[in-house]
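Trainee: return a 3D structure for these sequence lines:
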Amino acid sequence: MKGADLAIDIRRSLVWKDADGRAKLGALAQARFTAGPRLFWTARMLWLGQRAPDGMRTAGADSLWIGLDAPVVLSFADAPYEAVCSRAVHVPAGREHQLSFEGRALVCLFSDPQTGDRSALGVAAQIEPRGAALTSALAIRSIDVLLGVVLNPSDADAERCGLEQALGLRNLPADSDLIGRCVRALDGACGAWPSVEHLAATTGLSPSSFRRGFRRCAGVTLKRYRVWRRLGSALQLATAGASLTDAAYESGFSSSAHLSSACRNLFGSTPSELLSRGERL
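Mentor: Numbering: from 1, shown residues only. The predicted model follows:
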């Protein structure tokens, strides 16, 4: 993308015709809010901060980066001169990429590839395997919901459902049967994780039937769910003030190094990096 074209795209992406939207952006410029991981559910994490990751990164999760007050510029290691510039850009898992952002509020929705979120977004955003910008309508809907999350924090379940609806994502976890209740019960068992046989027995299913039902409900396998829940627990504890060592042990990791490695593999960043990118907010 040429420099002149990039400038045009940036100006267009900053246009907000709706008066209420412009008012929210004005409030955002004056707001003070806490940066770091904001929401965790099943195999998704919503992160809020100011600065994009430094340098080239590769993550095991898909990531949807949304600039609330400025566009995000995305480039890939294998195509450094083909930048994507938009208020919302999607990065597939496993792609080495770099982001730049010069606004005040940056949000990222990380999700496991098993959830199918990439396909759900692709219906409206025409996302290609190399990554792409979301359509203007989808970007505006998601920004509107996220501005509410930042400016007027409410019940986590309401925020989660609002974001799923805005982006057209599947509601997770499904809660129509015993599997759904089992998923919620596991949220409090990050350190001492029950065996599959024990979990299956609580639902009256065989281990194989339980595994299939669990994936339908949670959107991911039990193994992947465990990774996300442990990381979610550790990051929430660290956000609340716990040391990384204490957060790691409380969440079932053998050490802070083990936690950092798992976090980098999934999110492309260490816990310290995820928690520090908002220090100037």
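
Trainee: tally of neighbours for Asn152?
Mentor: As a burial measure, Asn152 scores 11 neighbours (other Cβ atoms under 10 Å). Glycine gets a C-beta too; all of them are placed from N, C-alpha and C.

Trainee: kindly report the same for Leu106.
Mentor: Leu106, neighbours per other Cβ under 10 Å, totals 24.

Trainee: correct me, but it touches Leu46?
Mentor: No. Counting by Cβ atoms under 8 Å, Leu46 is not a contact partner of Leu106; they are 11.7 Å apart.

Trainee: quick check: which element contains Ile140?
Mentor: Following DSSP states H and E, one finds Ile140 within helix 136-151.

Trainee: quick check: buried residues in the following helix or strand past that helix?
Mentor: Past helix 136-151, further along toward the C-terminus, the next helix or strand under DSSP H and E is helix 156-167. Neighbour counts using 16 or more other Cβ atoms under 10 Å place Glu159, Arg160, Gly162, Leu163, Glu164, Ala166, Leu167 of helix 156-167 among the buried residues.

Trainee: what sits up against helix 156-167?
Mentor: Residues lying outside helix 156-167 but in contact with it, judged by Cβ atoms under 8 Å, 6 or more residues apart in numbering, are 39, 41, 46, 64, 109, 117, 120-121, 138, 141-142, 144-146, 148-149, 153, 169-172.

Trainee: count residues in the vicinity of Gly55, would you?
Mentor: Other residues lying near Gly55 total 7 when counted by other Cβ under 10 Å.

Trainee: show me what contacts it?
Mentor: Gly55 makes contact with Gln98 under the criterion Cβ under 8 Å, 6+ apart.

Trainee: so how far is Cys263 from it?
Mentor: 17 Å (Cβ to Cβ, to the nearest Å).

Trainee: could you do Leu205 as well?
Mentor: For Leu205, the distance to Cys263 - Cβ to Cβ - is 32 Å.

Trainee: who has more neighbours out of those two?
Mentor: When Leu205 and Cys263 are compared for neighbours, Cys263 comes out ahead with 24 against 18, by other Cβ under 10 Å.

Trainee: hmm, the more buried one is touching Ser233, no?
Mentor: No. Using Cβ under 8 Å, Cys263 is not in contact with Ser233; the gap is 11.8 Å.
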